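Colleague: Starting from these lines, generate the structure:
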Amino acid sequence: MVARRQQTTQSSQSVGFYKFVALTFLAITLILFGVIVFMSSKRAVITITTRPEPVDITTTIGVNADSGRMIPGNVVTTTMSGANTYQPTGNKEEPGIAEGKVTIKNETALDQPLVVNTRLLSPDGVLFRLKERVLVPANGTVDANVFADVEGVTGDIGPSKFTIPGLNEIKQSVIYATSNVPMTGGIKKIGSVSQADIDKAKKLLLEQMKADAKTTLGNAVDSELSMSVYDVSDPSYSVGAEIGEEVSEFTLSATMTVVGVFYAEDAVTKLASDVLMSRAIDDAEYIEPSDAPPVVTLGSYDIERGEAELNVTYTGRATINPESKQLAKIAFYGKTKDEVRRYLLSLDHVYGVDVHLRPAWTQTIPHVAEHVDIVVKQVE
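Modeller: I've put the predicted structure just below:
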């Protein structure tokens with residue numbers, strides 16, 4: 001009997017032990033499951049607001065010249081001469097002779113000669129005369145210069161059709177003139193020629209002659225060199241009026257040497273972009289080049305050697321690099337919201353930080369990369 005009781009007691013103790021072990025294992029499993037569920041439910045979204053800042057560089061690029069950065073190109077020159085008439089700043093008006101140009105049309109089968117001073121009459125009765133003799137070809141046209149018969153503003157008429165009173169009525173219907181632009185000069189503005197008038201005229205003539213030189217020089221270089229800059233040397237001017245003289249217009253003539261440097265735009269942009277990118281602060285910063293092309297001016301040049309130096313300015317915008325190690329997810333693991341904000345706001349170009357954690361009771365950034373999202377927003 002005593003032995004049987006001892007066996008029963010031992011069996012009860014064994015069952016109790018195994019039950020304890022099972023319950024303990026179940027509790028541990030539930031706790032681990034809860035931890036896994038908790039960890040897997042933790043999420044973090046870090047939103048970083050950045051504002052780009054302007055950045056620019058100025059560098060020198062050599063054309064056929066070894067200045068550290070070199071591109072191929074052409075350095076060419078030409079001597080230009082030109083003249084034009086300009087008006088001084090007028091302060092009074094005087095009557096003048098209106099002038100202009102007409103196209104005379106001949107719809108007959110015979111050539112029609114017209115002598116100097118041949119009359120042309122507008123529908124409003126304003127009379128003009130030919131400046132020179134012309135021959136209007138059969139079934140053709142010819143352009144001719146005309147002037148008003150009398151002084152004054154009445155000659156300043158708009159585009160019109162003119163009959164030729166000296167011809168018989170039948171011919172007047174088939175031989176006639178038209179103008180496409182207004183007649184001008186019926187009123188002349190008289191002004192005293194000033195130094196400012198001359199300086200303004202020099203600037204206008206210079207631009208006109210540079211444009212002509214660009215065409216002349218451009219025809220002599222490789223068509224692939226699509227961009228060019230110019231310089232003017234040894235300009236010589238002659239003014240057809242004295243300072244203080246009262247005139248309606250004055251003539252300015254000039255002779256100058258124009259130097260043109262031709263280069264490929266892509267080559268300059270590539271080198272300028274490389275210099276701009278080198279301004280980035282390691283991998284923490286990203287520089288976005290401007291959509292506008294670099295600004296290029298001509299520095300020094302040597303015509304005999306065919307070399308030149310270009311001064312190049314290029315602009316861009318610097319901002320934080322989303323791929324930088326400073327924004328790697330591992331840098332945020334275990335940090336609180338305040339720690340994340342303090343860290344990010346210490347970086348260049350960061351102007352705002354928002355950290356969203358879930359569930360609501362989560363206090364730190366999870367240690368799982370897939371559960372951390374970093375969003376970079378850019379504002380102007």
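Colleague: Show me the shaky parts of the protein.
Modeller: 1-23, 25-41, 66-68, 90 (pLDDT under 70).
Colleague: Report the residue ranges of every domain in it.
Modeller: 1-41, 42-72+264-380, 75-89+189-263, 97-185 (automatic domain parsing).
Colleague: Export the ones you listed as TSV, with columns for mean neighbour count.
Modeller: Quick note: C-beta positions are derived from backbone N, CA and C, even for glycine. Formatted as TSV, those follow (neighbours: other Cβ atoms under 10 Å):
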stretch	mean neighbour count
domain 1-41	10
domain 42-72+264-380	16
domain 75-89+189-263	16
domain 97-185	16
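Colleague: Mind jotting down where the helices sit in the stretch 1-150 of the chain?
Modeller: 2-41 (DSSP state H, counting those that start in this stretch).
Colleague: what's the answer for the stretch 201-350 of the chain, then?
Modeller: Per DSSP H, counting those that start in this stretch, the stretch 201-350 of the chain carries helices over the ranges 265-277, 337-345.
Colleague: next one: the shortest one to chain centre, how far?
Modeller: What that stands for is helix 337-345. How far helix 337-345 lies from its chain's middle: 40 Å, per Cα atoms, centre = their mean, to the nearest Å.
Colleague: now do stretch 296-312
Modeller: Counting by Cα atoms, centre = their mean, stretch 296-312 is centred 23 Å from the centre of its parent chain.
Colleague: for stretch 92-101, same thing?
Modeller: 42 Å.
Colleague: Give me the distance between the two termini of that stretch.
Modeller: Taking Cα to Cα, to the nearest Å, stretch 92-101 runs 26 Å from one end to the other.
Colleague: Ignoring the adjacent residues along the chain, who's closest to residue 150?
Modeller: Nearest residue to residue 150, sequence neighbours excluded (Cβ to Cβ, 6 or more residues apart in numbering): residue 127, at 7.5 Å.
Colleague: For residue 230, give me its contacts.
Modeller: Shown here is residue 230, whose contacts under the criterion Cβ atoms under 8 Å, 6 or more residues apart in numbering are 210, 213, 214, 258, 259, 260, 261, 298.
Colleague: repeat that with 7 Å
Modeller: Listed by Cβ atoms under 7 Å, 6 or more residues apart in numbering, the contact partners of residue 230 are 210, 213, 214, 258, 259, 260, 298.
Colleague: Which ones among those lie within strands?
Modeller: 258, 259, 260, 298 (DSSP state E).
Colleague: List the contacts of residue 157.
Modeller: The contact partners of residue 157, by Cβ under 7 Å, 6+ apart, come to 122, 126, 182, 183.
Colleague: scratch that, residue 229
Modeller: Residue 229 makes contacts with 261, 296, 297, 298, 310, as judged by Cβ under 7 Å, 6+ apart.
Colleague: can you pull up the bridge partners for it?
Modeller: residue 261 (DSSP bridges).
Colleague: how much space is there between it and residue 69?
Modeller: Distance of residue 229 to residue 69, computed by Cβ to Cβ, to the nearest Å: 16 Å.
Colleague: Residue 240 too?
Modeller: Taken as Cβ to Cβ, the span from residue 240 to residue 69 is 47 Å.
Colleague: residue contacts, residue 324?
Modeller: By Cβ under 7 Å, 6+ apart, the residues touching residue 324 are 283, 284.
Colleague: Which residue is the nearest non-sequential neighbour of residue 84?
Modeller: Spatial nearest neighbour of residue 84, excluding adjacent residues (Cβ to Cβ, 6+ apart): residue 205 at 5.7 Å.
Colleague: That neighbour and residue 82 touch, don't they?
Modeller: Yes - the criterion here is Cβ atoms under 7 Å, and residue 205 meets it with residue 82 at 6.4 Å.
Colleague: Which residues are in contact with each of the two?
Modeller: residue 254.
Colleague: What are the contacting residues of stretch 289-301?
Modeller: Stretch 289-301 is contacted by residues 60, 75, 229-231, 259, 261, 265, 268-269, 272-273, 276, 307-316 when judged by Cβ under 7 Å, 6+ apart.
Colleague: Next one: the spatially most central residue of the chain from residue 312, what distance?
Modeller: Centroid check for the chain by Cα atoms, centre = their mean gives residue 292 as the closest residue, at 4.6 Å. For residue 292, the distance to residue 312 (Cβ to Cβ) stands at 13 Å.
Colleague: try residue 241
Modeller: 42 Å.
Colleague: likewise residue 286?
Modeller: 22 Å.
Colleague: And residue 296, by the same measure?
Modeller: Residue 296 is 5 Å from residue 312, by Cβ to Cβ.
Colleague: Find the residues that touch each one of those two.
Modeller: By Cβ under 7 Å, 6+ apart, residue 296 and residue 312 have these common neighbours: residue 268.
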